[in-house]
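Enquirer: pasting the structure only:
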DNA sequence: TAGATTGTTAATCGATTAACAATC
DNA sequence: TAGATTGTTAATCGATTAACAATC
């Protein structure tokens, strides 16, 4: 079994990757742990330590080749391929996600979007025709989709989650403001703007 | 000066609060650190430890009164009041945020939304008329708004941030996929779905 | 060569957990 | 009273930082 990497380290890698790709777009060739750290507000030592968990990617005296390191991090994170994604919920948030063009360049491709509202089913959301939730499990399974984003009301989120798990989905990004329970081996990330806001109000007057 | 509370503890409080309010809606009166922990996937000891940083809110043998504890946590987090918020960027995400009705019950009120696109300025987004970004600093300052959400392209995010800081904004929730630099005393939280997704692909096959 | 920066070790710092007296 | 659960202390565990030899 491979060495166990702390999840907190995994959580920082996508941030490093985003910064590297941005530097690359700026036409830069080389960077250092110090420069990266300054951009991100992270210590240089931590960046070197994090990367050293996976191998040696730099050169003493010169630093890191940006393109090379970005590719290595992509490989570590498993995003040197395309992941198909299903969206559940075609309200404002679901449709905004369906129309977001930032996914393709980061390794993701929206494949389908579902809703249970009769008035939405069959209508267009950008390039997608909104599908009936009742066919969800079947279609996701048939397509072999492993990742989903949930944008349904809190009250429906757990039921949707259970169905996605049954369909073989292994990673869920949830926009529903509720805690989801999943079996071991299924991963969940939550995005709830109120939670993020409340985390900052503590520090305000 | 008050005792320094770890930021990681502050980060868990909104999650506790959300669970407490949900229990309250379910008609429950009392809970325990153990039950809360099971719901949230957090150890009971950690919940007790976190809360003990701020006072004694429970009763030995019986646990915590849900409504009382929720109110205490609201007070700690400074959300026993209403915070006015400005949204910058009236694209899909900005408009979805403007139309999201989950904010009011969590202590937040959207006050205004801005964009710099001539074809959007003056049009409606739900109950709001989209305002011209050029008046942003002035209007935010005049209204005394301290919190903002940014939903503009990555390329514009830092410039918008700088203006918000100038206008006196102290807390920013950014949906732009880029790292923002702010002076001390200004708080930033980032929401980038690709980052959350990439954090999970590591664990997938 | 001299300067810069890595990868890594050891030291420090901080967070989590276990355990239990206090007490409802 | 007996059972349950808190608040807190001490022990454990894990993450971050400082420092430096190696070396480009």
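Expert: Looks like it arrived, so ask away. Note that the structure is predicted; figures quoted are calculated from it, not measured.
Enquirer: How about the residues of chain A by DNA strand D?
Expert: Contact residues (Cβ under 7 Å from any atom of the strand) of chain A with DNA strand D: A:6-9, A:42-43, A:45-46, A:48-49, A:59-62. In this view, the C-beta of every residue, glycine as well, is placed from N, C-alpha and C.
Enquirer: Of those residues, which pair is most distant in space?
Expert: The most widely separated members of these are A:7 and A:61, with 32.5 Å between them, by Cβ to Cβ.
Enquirer: Out of the two, name the residue with the larger neighbour count.
Expert: Per other Cβ atoms under 10 Å in any protein chain shown, whichever of residue A:7 and residue A:61 has more neighbours is residue A:7, with 10 against 6.
Enquirer: Residue A:43 contacts residue A:37, correct?
Expert: Yes. Using Cβ atoms under 8 Å, residue A:43 is in contact with residue A:37, at 5.6 Å.
Enquirer: Point out where chain A drops to low pLDDT.
Expert: Scanning chain A for pLDDT under 70 picks out A:1-3.
Enquirer: sorry, back to before: the more surrounded of residue A:43 and residue A:37?
Expert: Using other Cβ under 10 Å as the criterion, residue A:43 and residue A:37 rank with residue A:37 on top: 17 against 13.
Enquirer: From residue A:12, how far off is that one?
Expert: 11 Å (Cβ to Cβ, to the nearest Å).
Enquirer: intersection of neighbour lists for the two?
Expert: residue A:46 (Cβ atoms under 8 Å, 6 or more residues apart in numbering or on different chains).
Enquirer: contacting residues for the closest residue to residue A:178 other than its chain neighbours?
Expert: Sequence neighbours aside, residue A:154 is the residue nearest to residue A:178 in space, at 4.2 Å (criterion: Cβ to Cβ, 6 or more residues apart in numbering or on different chains). By Cβ under 8 Å, 6+ apart, the contact list for residue A:154 reads A:176-178, B:22.
Enquirer: 10 Å instead?
Expert: A:174, A:176-179, A:192, B:18, B:22, B:25, B:102 (Cβ atoms under 10 Å, 6 or more residues apart in numbering or on different chains).
Enquirer: and the two most separated of these?
Expert: Greatest spacing in the contacts of residue A:154, by Cβ to Cβ: A:174 and B:25 (18.8 Å).
Enquirer: out of these two, which sits in the busier spot?
Expert: Comparing residue A:174 with residue B:25 by other Cβ under 10 Å, the one with more neighbours is residue A:174, at 25 against 10.
Enquirer: In space, what's closest to that one - neighbours in sequence excluded?
Expert: Here the residue nearest residue A:174, using Cβ to Cβ, 6+ apart, is residue A:150, at 4.4 Å.
Enquirer: cool, and residue A:76?
Expert: With Cβ to Cβ, 6+ apart, the residue lying closest to residue A:76 is residue A:54, at 5.3 Å.
Enquirer: now do residue A:65
Expert: residue A:30 (6.0 Å).
Enquirer: Quick check: the one residue in chain A that gets nearest to DNA strand D vs residue B:98, distance?
Expert: Residue nearest to DNA strand D within chain A: residue A:61 (2.1 Å; Cβ to the nearest atom of the strand). Distance of residue A:61 to residue B:98, computed by Cβ to Cβ: 51 Å.
Enquirer: How is chain A partitioned into domains?
Expert: Domain assignment of chain A by automatic domain parsing yields the ranges A:2-77, A:83-195.
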